[in-house]
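# kindly return the folded structure for what I paste below:
(2 chains)
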Amino acid sequence: MAHVSVRDVGFAYDERPVLRRISFDLQAGEFVGIVGPNGSGKSTLIDLVDGLLKPASGEVLVNGKPTVKYKRRDMAREVALVPQHFDLDFDLAVREVVEMGAYCRGKDTAVSGDPAATLERLGVGELVDRRFTELSGGEKQLVVLAQALMQQAQLLLLDEPASALDVSHQLRLFDLLKQLNADGLTVLCILHDLNLAIHYFDKLLVLSDGEVAAYGPPDEVLRPEIVEAVYGLRAYLHHHAGRTYLTFSPRPRGDRLGRVHVVCGGGTGAGLMRELVDAGYDVSAGVLNALDTDEETGRDLGLHMAVEAPFSPVGDEADAENRELMKRADLVIVAAVPVSHGNARNIAAAVEAAAAGSPVWAAEGVLADDFAGVTGDLAPAGVRFFADDAAVLAELRQRGSLHSADHQTADGLESGGSEAGAGSAHEAPATPEDTTV
Amino acid sequence: MTRLGRTSVWPGIALAAALLLVCLVLSLVLGPAPLSLSQLWHFVTSGPVPGNLANAIFWQIRMPRVLLACLVGAELAVAGVILQDLFLNPLTDPYVTGVSSGAALGATIGIVLHWSGLPWTTMLALVGGLATLGIVWMAARRRGRIDIFVLLLAGVTISYLASAMVTVLMIQGNQDMRAIVYWLMGSFSGRGWAEVEIALVAVPFMIVPLFFTREMDIMLQGEKRALELGVEVERTKRLLLVTAGVLTAIAVSVCGIIGFVGLVVPHIVRLVVGPSHRSLLPVSLLAGAALLGIADLLSRTVIAPNEIPVGVVTTFVGAPLFVYLLRRGRRA
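Numbering: from 1, shown residues only, chains lettered A, B, ... in the order given. Okay, the predicted model is just below:
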């Protein structure tokens, strides 16, 4: 029998539906996190499991018995809840506050446990004789957790217990929860930090707009495409130091401003690529060696790249693909990459692109570390130089979309740029030092 | 063994009881005809003796008046504790529920009607107070639960309504205006055993909340948290609201509206013994009795043979004490 069984539950505040068709089981001893955007119904779901709210349809079973059939005291013996907001304006001792948790256990002190020992279990035994109002936010959170533990319930529900805590208290809290779980408690915890969710929880329930979007192990349910659909942003999965991390960018895919090809390597283009992606450009890069920092970043960002084998000079195949990517791009940017014979063909490709009339921008730093003597061709080909990445991005911000500007440059036409916004229609072409070669 | 660390409630209760005893003795001894302690002992042990004037003054006038003052003080203090904690609002006093204004309206009707035969003013005040409690209760009921916020608003609204009606009646019954004003100010002057008997009805209502101190402690964290911890919040809330309402209605019906006791006694006691109800309720009960006993003593002795309205005295005694304790801070 499942510890908690939520069966086709629907719930609405007044006429506004909050949860629809929620079904999932929680087995005894599981450690499950609930994630989802604000307003997706997480707290409501927790309140339904604790029987504080009655489902409008379906039912919630705790230990096989519908929550609506529990008396409050009996429910408190089965389910303990750590609320999101907790404060107390009255000057009670910590001991008194913690002991309130034993209310559901009646006068039998042997069962209800000892406030001092419970605080000790959480590593804050010294708080027992303090005044509750004098505690810091993190200490209060632990006292409330101690209060909930005094209920001696087998199921622990937590509503964003870490939201008011600094990073060290957050980790300490989740380690404690993990320990309580190892001691036999079933834990169901709402949290916002998806990276903490990945690291700590056995299973995650993803709520989206009142429905279960996914339920399963973190690496199955926190795939970028699911996170993107649920949160309406872009998510990237990174692997670093043996762990998996998600990073996010605000804008959803599909809002394209144009194609930009970046020539970089050794980490000189990583920041630029991320910024360009976040700004809404379709970004490609090349030629990069596999396992190069920029290549890894590009892979995490899901970029189209021309890639060469590790530690190898650019070969014919990669060079051809790189030139193809440049041809399709509305703008080519050469980062401040050190140039050697290994990657000199990338510079040559950029020079050819500029000579053929494509807009090509370059960071001045590329001239500094040139061991192949090829960057001197950039300026005569009509490449425009910028001081650094920030200057490049500032210029791009001013232009916005690249689509119409390029056509004007290539064709020398003032008309025809109708698809772009009014702001960019009269902008200068992408290459100020016009193609004279 | 787990209770070892808990602060005992008994020192606070013993202290408050001693204070009340001193107040009782002083109130019974002092007055227009002062008694010695041995005389007091003699009167108390011998009981009412017909034909003895001093004995008659003691048993027919002073004793019921002192008892009534102490009973009303206890009732208002307990009602104040309950309502401040239910509303989670320190500015609450027993009169916010509108019960006192309803009682005032009932009393005013009693005064203008000039009925005789029964203590009609008191009876109608009681009816007015309880009826108001009922109306406010109905207004605050939503989907089977009592909304404390709506109850507060409804109480204040009914208060204004009842006060407006009292004003109209005062203007209509011009010759009764003085009686009405004096009743509204609150006084124990001329009250006797009949009023004491009514006030004694409130004793069970003072005892009941003592069995709900744990629930009341937990409800300081808000209704939702109390539910989470296993308290049947609606049931407890109803019981406490009715208790506080009945206590207020009874207190107001026998002596009019005496301010400051229900507001300030719970605060003073909270500053001294803390907010835990195991101490707060019994100590407030005793302290409320003591404060109003002393206040009535002062009201009838300071400018004897004239009286200062007792509500004025409670304010004069309570306000400086309250400010002193606030500044000193708890356990500073």
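
# in chain A, what residue lies closest to chain B?
Closest approach of chain A to chain B (CB to the nearest CB) occurs at A:A76, with a separation of 2.9 Å. (Glycine included, C-beta is placed from N, CA and C.)

# what does the stretch of helix or strand B:M138 belongs to contact?
Using DSSP states H and E, the secondary-structure element containing B:M138 is helix B:120-140. Applying CB atoms under 8 Å, 6 or more residues apart in numbering or on different chains, the contact partners of helix B:120-140 are B:97-107, B:109-111, B:113, B:146-148, B:150-151, B:154-155, B:158, B:162, B:183, B:194-195, B:198, B:241-242, B:245-246, B:248-250, B:252-254.

# could you redo the last one with a cut-off of 6 Å?
B:97-99, B:102-103, B:105-107, B:109-111, B:146-147, B:150-151, B:154-155, B:158, B:245, B:249, B:252-254 (CB atoms under 6 Å, 6 or more residues apart in numbering or on different chains).

# which of those count as buried?
When these are checked for burial by 16 or more other CB atoms under 10 Å in any protein chain shown, the buried set is B:97-99, B:102-103, B:105-107, B:109-111, B:146, B:151, B:154-155, B:158, B:245, B:249, B:252-254.

# about what we covered before: now do the host helix or strand of the residue of chain A closest to chain B: distance to the chain's middle.
With secondary structure defined by DSSP H and E, A:A76 is part of helix A:72-78. Using CA atoms, centre = their mean, to the nearest Å, the distance from the centre of helix A:72-78 to the centre of the chain it belongs to is 37 Å.

# what mean pLDDT does the next helix or strand after it get?
Note on helix A:72-78: by DSSP H and E, the next helix or strand toward the C-terminus is strand A:79-82. The average pLDDT within strand A:79-82 is 95.

# bridged to A:V283, which residues?
As for beta bridges, A:V283 partners with A:V260 under DSSP bridges.

# what is the burial count for it?
With neighbours defined by other CB atoms under 10 Å in any protein chain shown, the count for A:V283 comes to 24.

# ok, it to A:G123 distance?
To A:G123, A:V283 is 47 Å away according to CB to CB, to the nearest Å.

# returning to what we had before: pull the residues that contact the helix holding A:A76.
Residues from elsewhere that reach helix A:72-78 (CB under 6 Å, 6+ apart): A:51, A:62, A:104, A:151, A:153, B:227, B:229-230, B:232.

# likewise stretch B:49-62?
B:31, B:43, B:48.

# how does it look with 10 Å?
B:27-33, B:35, B:39-40, B:42-44, B:46-48, B:63, B:66, B:190-193, B:300 (CB atoms under 10 Å, 6 or more residues apart in numbering or on different chains).

# follow-up on the earlier one: find the residue closest to the residue of chain A closest to chain B in space, skipping its chain neighbours.
Once its chain neighbours are removed from consideration, A:A76 has its nearest residue in B:G230; the separation is 2.9 Å (CB to CB, 6 or more residues apart in numbering or on different chains).

# what helices and strands are in contact with the strand or helix carrying A:R172?
Here A:R172 sits within helix A:167-182, counting by DSSP H and E. Judged by 3 or more CB pairs under 10 Å, 6 or more residues apart in numbering or on different chains; DSSP states H and E, the packing partners of helix A:167-182 are strand A:31-35, helix A:115-121, helix A:137-149, strand A:155-159, strand A:186-190, helix A:194-200.
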